[in-house]
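Trainee: I'll drop the sequence and a predicted model, then ask my questions.
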Amino acid sequence: MIIGTAGHIDHGKTSLVRALTGVETDRLPEEKRRGISIELGYAYLHAPGGPSLGFVDVPGHERLLHTMLAGATGIAHALLIVAADDGVMPQTREHLAVVTLLGVTQGTVAITKIDRLDPATRAARLAEVQAEVRALLAPTALADAPMFPVSAVTGEGVEALRLHLLASARPPGAASLQDSARAFRLAVDRAFTLAGVGTVVTGGVTSGTARVGDELRIAPQGTSVRLRGVHAQNQPAEEARTGQRCALALAGIAKDEVHRGDWACAPSIALATTRIDVQCQLWADEPKALRSGTPVHVHLGTSDVTGSIVLLDCDTLAPGGTALAQLVLHGTVAVWHGDRGVLRDASATRTVAGVRVLDPFAPQRYRKTPERLAQLAAQALPDRAARVAALLEHAPLGLDLVQTARAEALPGPGDLPLPADAIRIAGDALAIAPAALQALQTQVLERLRAFHAASPEEIGPDMRRLRRLAAPRAGDALWQHTIEDLAAAQALVRSGHWLHLPEHAARMNAAEEQLAQQILPPLLEGGFDPPWVRTLAQDTGAAEPLVRQTLASLARRGEVFQVVKDLYYPLPTVERLAAIARECMADGEAVQAAAFRDATGLGRKRAIQLLEFFDRVGFTRRVKDTHLLRPGTPLFEGGD
C-alpha cells in the first residue's frame, strides 16, 4: 500500500516518516540545510511475512503544492499530519482538499509534536486539536479517520500508528475486480541514471502488472522501451504490480527523454490527448462560482499543464457543485477513464476543483449536444459493464471498441464487457446495438426512397453518395455492414456501383426493349456529343414520350445517364469522359471547365454541363469554380 503524507509545513511529516520507517526522506543538501522538504521523499516499511508500505513524503510549503500533487497520484491512504501546538493551518486545509478531490477514501490522522505540550494542559489541548480536526474532516470521506497522538522525538504513539497502518494495508497487488483487468500503468515522478543500470523511472503503479523483459511505452510521447529490471517497494523483484511503488530500469530511452508527468504503460493503452471530458466538482470552500472558459492549472497523474475549462451542461458551477466539463489543455498528456485530478487557479495559488476523467478522446465539435451529454452521463457510471452497455445504447453510429478499450486502460477490445446482443462489426473494431442498427437501416431506406422520388430518372446513388445523404458521420466499417445487411435482406439492390430499392428496378415491355436496341447505337456513335431525345425520335420514327420513357428505363439500369434534360450519355462514353477528368486532375490539382473543354474538344457550355453532372452523381465535388475528384471514388473506372 502506498501512503501519502499531507499537512502544513513544519508539522513534522518528514520526522514522523523517519520515526515510522527509519528512513530519512530529505535527501537534497538544500533540504538538510533549510530543514524543510522541497522534493518528494520516499520510504518503505516491510513487515516480516506481512504487508509492505510505501511512503511518499510531500513538501508542505504552499509554493510547492505542485510537487505535493505529483506525489499524491496513486496513493491509497492519506496520512494527515497536524501539529498539536499549531492545530489546523492553511496548508492542512489545502492538502485535505487535494486528497479529498483526488478521491482518496482511506486515511489516518497523526497529531504530532505532543512532546511540546505542557503536561498540565496536554489533555485539554489534544482534545481541542482533535475536535478541530474532526470538524475539518466532517464533510469529507475521511470523517471517521482514526487519530493518533504521536511524538517523533520521544517515540510516543509511533508504534501504535505503525501497527494501525500495517493492519490497514491490503495484500500487495490486491485490486478490485474492475481494476484487475486493466493494463499496466506507472505514473512517473522521477527519472535518473544509475551506473551499470541506465535510465530508471520511479512512481506508483496504478493498475496492471509488468514483468522484466516486457515491452512498455512512455506516454504521451509514445517511445517504446524494454523493462530491464524492477525494484518494488525498495526490494528487487521480477514484476511490478498494482498498489506498489516501483523503480523501473528501462532500455531504449535516455534520462532526458522521460520526465515527471509521463507514464510507463502497456503499449496497447498508450495515448496522447489535449482535450479531456471530465466530471468536475468545485471545492465547497471556494468563494465564488466557476465560470466556463476559466483558465486553470490542470494536475493529472504527475503532470502539471495549463489550460481552460469549458462547462458542458451549465454556464457556471456553484461551490460544492458538480458538472460535466471539457479541459482544453495547452500541452499533451496521457490519462485514462476514472483518473482523478485537481484544478488550481491560473496563478497556481489556490486549489479550486477536482476532476474525474470520463473520456480522454474528447471531441472538439458537438461537445454540448444532447447525444454527447447522454454519452458522458453513461461514462460517469461506476460499473464498467453498465458503463459500456449505456455507451452502446447512446452510440447510434456504433461504439469504437479499440478506442473505448484504450480509454478504459484495458489490454484490448476483447476485454470489454459487451452486452450479449451487441453486434460486432469488422472483428473487434466496432459494436452497435441492434436497435441502433435497425434505426440506421430505416433511415437509409427512407433517404433512398426520397432520392428516387426526387430523381426518378436516375438508377440511384452509389454507396458514398448515399452515405452523404443518409449518415454522413458513419464510419466505413459500419456503412459497409449496413449496406451488405440490407442487400442480403433484399431491402435494397446493387446494380454495379449503384444502389436502389427493388421496386425502382427498370421494367421494359417488348416495344421499349426493341426501341432501346435502336437508340443505343447512335448514342454510342455520337461520342462526346450524342443526339438529343428529339433527334432520336426523328431518326427512329418513335414518339418523343416513348423515347424519353425508354431512356429513363435504361438510366434505371445504369446503361445511360441523363446529363441535362433530354440529353443522355451511354455508360462507355461517360467512363471515357471520367478518365479524361482524372487525367486533368492527375497532378492533384482541381479541373477547371476550360481545361476539360480543351481535353474533350467540346464547347464550354457542354463541358460545364458534364462537370456539373459529375458533381451531382458524386464523382467530383465543386469548390468555387473548380471541380475536385472525390477521394477513393470507384465510379466510372471502366474507361481507358
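Mentor: Arrived safely. Numbering: from 1, shown residues only.
Trainee: how about the nearest residue to Met463, chain neighbours excluded?
Mentor: The shortest distance from Met463 to any non-neighbouring residue, by C-beta to C-beta, 6 or more residues apart in numbering, is to Ile483 (5.9 Å). Any C-beta I mention is one placed from the backbone N, CA and C, and that applies to glycine too.
Trainee: and the host helix or strand of that neighbour, what's buried?
Mentor: According to DSSP states H and E, Ile483 maps onto helix 476-488. Going by neighbour count (16 or more other C-beta atoms under 10 Å), the buried part of helix 476-488 is Leu478, Trp479, His481, Thr482, Ile483, Asp485, Leu486.
Trainee: let's have those residues in JSON lines, adding pLDDT.
Mentor: Below are those laid out as JSON lines (pLDDT from 0 to 100):
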{"residue": "Leu478", "pLDDT": "96"}
{"residue": "Trp479", "pLDDT": "96"}
{"residue": "His481", "pLDDT": "96"}
{"residue": "Thr482", "pLDDT": "96"}
{"residue": "Ile483", "pLDDT": "96"}
{"residue": "Asp485", "pLDDT": "95"}
{"residue": "Leu486", "pLDDT": "96"}
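Trainee: now for those: which two are most distant?
Mentor: Leu478 and Leu486 (12.6 Å; C-beta to C-beta).
Trainee: look through this structure and tell me its longest helix.
Mentor: Determined from DSSP state H, the single longest helix within the chain is helix 434-454.
Trainee: by contact count, what packs against it?
Mentor: In terms of contacts (3 or more C-beta pairs under 8 Å, 6 or more residues apart in numbering; DSSP states H and E), helix 434-454 is packed against helix 463-470, helix 476-488, strand 498-500.
Trainee: switch the cut-off to 7 Å
Mentor: If contacts are counted by 3 or more C-beta pairs under 7 Å, 6 or more residues apart in numbering; DSSP states H and E, helix 434-454 sits against helix 463-470, helix 476-488.
Trainee: okay, it in CSV with CA atoms only?
Mentor: Output of helix 434-454 as CSV, limited to C-alpha atoms (Å, rounded to 0.1, in the frame of the first residue of the first chain):
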residue,chain,number,x,y,z
PRO,A,434,-29.5,-4.0,-32.6
ALA,A,435,-31.9,-1.1,-32.1
ALA,A,436,-29.3,1.4,-33.4
LEU,A,437,-28.6,-0.7,-36.5
GLN,A,438,-32.2,-1.0,-37.3
ALA,A,439,-32.8,2.7,-36.9
LEU,A,440,-29.8,3.4,-39.2
GLN,A,441,-31.1,1.0,-41.8
THR,A,442,-34.6,2.5,-41.7
GLN,A,443,-33.0,6.0,-42.2
VAL,A,444,-31.1,4.6,-45.2
LEU,A,445,-34.2,3.2,-46.9
GLU,A,446,-36.1,6.5,-46.2
ARG,A,447,-33.3,8.6,-47.8
LEU,A,448,-33.1,6.2,-50.8
ARG,A,449,-36.9,6.4,-51.3
ALA,A,450,-36.7,10.2,-51.2
PHE,A,451,-33.8,10.1,-53.7
HIS,A,452,-35.9,8.0,-56.1
ALA,A,453,-38.9,10.4,-55.7
ALA,A,454,-36.7,13.5,-56.4
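Trainee: for it, give the mean pLDDT please.
Mentor: Averaged across helix 434-454, pLDDT comes to 95.
Trainee: can you pull the buried residues of that helix?
Mentor: Those buried within helix 434-454 under the rule 16+ other C-beta under 10 Å are Ala436, Leu437, Leu440, Gln441, Gln443, Val444, Arg447, Leu448, Phe451, His452.
Trainee: closest to Leu628 out of these?
Mentor: Phe451 (22.7 Å).
Trainee: thought Pro461 was touching the closest one, still the case?
Mentor: Yes. Shown here, Phe451 and Pro461 form a contact pair, counting by C-beta atoms under 7 Å, at 5.9 Å.
Trainee: got any residues that touch both of the two?
Mentor: Common contacts of Phe451 and Pro461 (C-beta atoms under 7 Å, 6 or more residues apart in numbering): Leu469.
Trainee: so where's this structure uncertain?
Mentor: 26-39, 60-64, 170-179, 586-588, 638-640 (pLDDT under 70).
Trainee: which elements pack onto the longest strand belonging to it?
Mentor: Identified as the longest strand of the chain according to DSSP state E is strand 322-333. Here strand 322-333 touches strand 273-282, strand 294-300, strand 303-311, going by 3+ C-beta pairs under 7 Å, 6+ apart.
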